[in-house]
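In: sequence-free structure coming up:
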């Protein structure tokens, strides 16, 4: 079976058979109607979107904490960290019972503490104000201020964390939570074991 012929193919065959050249306007119109030309135009548009995506990805990576779907934030080890005098951990109690690492699978136990770490950092940094300023300045230099203004509302954490975390933890544990308490505890390694230095109540809900 012969392959299908485009309008341009037919016009070219007719030109060669008659020995007459195609008029410039007719040639241009015929070219623009071909599937090859339309496909080329779509590829150019796709390339512009792809380049814009990478520019935004770089801007997100330059910030420390800003995350905007569908962009992924990448980080890397960049400096030595001084050994702390003590280590801070969160002690989470649900209805008077202290949660233990053995109560959950290891990855689910991480899901208990990770939101608390993020909330603590959010409070300490003014809702990541430094990162927002850095991202805004970088996008302004790239001529993307209008795009930043469109994304800005997604960069601010709104709502109360404690009710959200209480519901989130209840779904994670598979039970409703009446009373939630989170304490910060600091431990120090001494004498071949961990010694409690001090505790501080942080969240009651």
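Out: It's in. As the structure is a computational prediction, the values presented were derived from the model and not from experiment.

In: gap between the two ends of stretch 96-106?
Out: Start-to-end span of stretch 96-106 (Cα to Cα, to the nearest Å) is 22 Å.

In: Would you mark the buried spots in that stretch?
Out: residue 99 (16 or more other Cβ atoms under 10 Å). For the C-beta atoms, the positions are set from N, CA and C on the backbone; glycine is no exception.

In: which outside residues touch it?
Out: 91-93, 109, 112, 172-173, 179 (Cβ atoms under 8 Å, 6 or more residues apart in numbering).

In: Buried members of those into ChimeraX, please.
Out: Here is the ChimeraX command that selects the buried residues among the contacts of stretch 96-106 (16+ other Cβ under 10 Å):
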select :92,109,112
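
In: tally of neighbours for residue 182?
Out: Residue 182: 20 surrounding residues under other Cβ atoms under 10 Å.

In: dump the residue contacts of it.
Out: 90-93, 116, 201-203.

In: Show me where the chain has its helices.
Out: Assigned by DSSP state H, the chain shows helices spanning 7-18, 24-33, 35-62, 106-124, 129-141, 145-151, 161-173.

In: Could you tell me the angle between the last one and helix 106-124?
Out: The reference is to helix 161-173. Taking axes from the mean of the first three to the mean of the last three Cα atoms, to 10 degrees, one finds helix 161-173 and helix 106-124 inclined to each other by 180 degrees.

In: any idea of the mean pLDDT in helix 161-173?
Out: Taken as a whole, helix 161-173 has an average pLDDT of 94.

In: Buried residues of it, list them for me.
Out: Within helix 161-173, the residues scored as buried using 16+ other Cβ under 10 Å are 161, 165-166, 169.

In: Same check on the shortest one?
Out: Across helix 145-151, burial judged by 16+ other Cβ under 10 Å covers 148, 151.

In: Remind me what it packs against, helices and strands.
Out: Contact partners of helix 145-151 among helices and strands, from 3 or more Cβ pairs under 8 Å, 6 or more residues apart in numbering; DSSP states H and E: helix 129-141.

In: Just give the closest residue to residue 55, not the sequence neighbours.
Out: residue 142 (6.4 Å; Cβ to Cβ, 6 or more residues apart in numbering).

In: Can you give me the neighbour number for that neighbour?
Out: Number of residues near residue 142 (other Cβ under 10 Å) recorded here: 14.

In: these two touch, right, it and residue 56?
Out: No - using Cβ atoms under 8 Å, residue 142 makes no contact with residue 56, being 9.3 Å away.

In: so where is this protein shaky, pLDDT-wise?
Out: 1-43, 57-78 (pLDDT under 70).

In: try it again with 50
Out: Low-confidence segments of the chain, defined by pLDDT under 50: 1-3, 22.

In: Quick check: residue 84 vs residue 104, distance?
Out: Residue 84 sits 26 Å away from residue 104, going by Cβ to Cβ, to the nearest Å.

In: again, but for residue 97
Out: 13 Å.

In: Same question for residue 176.
Out: Residue 176 is 17 Å from residue 104, by Cβ to Cβ.
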